[in-house]
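[1] sequence-free structure coming up:
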């Protein structure tokens, strides 16, 4: 009965997000370059900050035909997000840096090899905000994938009192989903080179975080 109630809760939550997001006036920028790369057999890893993923949920249903994957933590909150992602049509890998991280990364790499597309929340599930964890770099090495930065800009939004000031666009506002230029990393033969690549991605992504100065001091 408990599992049934949870599934019902997830379904209603998904429907609420779907209807709420339908009120947003979406504009999508620079999507074609990475879609062309993907259509030509390239692999892509869409990377976004935890702060900004809400606005992507409804729009990302359009990618479900490609069999995309997303790694979600094994926490209780992660279980809710995983349920919503599953209804969106994404394959969910349950792992995080603290629980099952190595196994999860291997699964994500296998999925990327098989389908060519996945997404990754760079600083989730608990931060620190704006700090790129190692997973994205490990995935792109393992799968030979290009990283595609994703930024979400809302004309009007609430920012929650959470560790990353989570962004919730206000109904009927204009929301821009902007894809950055693809980033390709070569092999990292040393810890220093791996860290250089991680920091490069972090520096490329941080300016896209809303309220950057307020988050980081």
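    Yes, it's here. On a predicted model such as this, the values are computed, not experimentally measured, just so you know.
[2] how distant is stretch 149-165 from the center of its chain?
    14 Å (Cα atoms, centre = their mean, to the nearest Å).
[3] Over to that stretch now: how far is its first residue from its last?
    The separation between the terminal residues of stretch 149-165, taken as Cα to Cα, to the nearest Å, is 19 Å.
[4] Now it: buried residues?
    Using 16 or more other Cβ atoms under 10 Å as the test for burial, stretch 149-165 gives 149-154, 157, 159, 164-165. Yep, even glycine has a C-beta here, placed from its N, CA and C like the rest.
[5] Any chance of those in CSV with distance to residue 115 as columns?
    Formatted as CSV, the buried residues of stretch 149-165 follow (distance: Cβ to Cβ, whole Å):
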residue, distance to residue 115
149, 20
150, 18
151, 24
152, 24
153, 28
154, 30
157, 32
159, 34
164, 28
165, 33
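[6] Could you point out which of those residues is nearest to residue 185?
    residue 149 (13.1 Å; Cβ to Cβ).
[7] hang on, isn't the closest one packed against residue 209?
    No. Using Cβ atoms under 8 Å, residue 149 is not in contact with residue 209; the gap is 11.2 Å.
[8] Scan the protein for its longest helix.
    Determined from DSSP state H, the single longest helix within the chain is helix 2-22.
[9] and after it, which helix or strand comes next?
    Heading C-terminal from helix 2-22, the first helix or strand you meet, by DSSP states H and E, is strand 25-29.
[10] And that following strand, how far out from the chain middle?
    Centre to centre, stretch against its chain (Cα atoms, centre = their mean), the figure for strand 25-29 is 17 Å.
[11] That one - which strands sit beside it in the sheet, and in what orientation?
    strand 174-179 (parallel) (DSSP bridges).
[12] List the buried residues in the partner strand.
    For strand 174-179, by 16+ other Cβ under 10 Å, it's 175, 177, 179.
[13] Pick out whichever of those residues sits closest to residue 69.
    residue 179 (18.3 Å).
[14] Quick check: the closest one touching residue 150?
    Yes. Counting by Cβ under 8 Å, residue 179 does reach residue 150; the two are 6.0 Å apart.
[15] residues contacting residue 69?
    Listed by Cβ atoms under 8 Å, 6 or more residues apart in numbering, the contact partners of residue 69 are 90-93, 107-108, 111-112, 115, 117-119.
[16] what ranges do the helices span in this protein?
    2-22, 32-39, 76-88, 101-115, 135-143, 191-205, 212-216.
[17] Residues contacting the fifth one, please?
    If I follow you right, that is helix 135-143. Contact partners of helix 135-143, identified using Cβ under 8 Å, 6+ apart, comprise 43, 45, 47, 71, 97, 101, 105-106, 108-109, 112-113, 118, 120, 122, 145-147, 184-185, 187-188, 194, 197-198, 201.
[18] And for the longest one?
    Among residues not part of helix 2-22, those counted as contacts by Cβ under 8 Å, 6+ apart are 54-55, 57-59, 80, 83-84, 87-88, 171.
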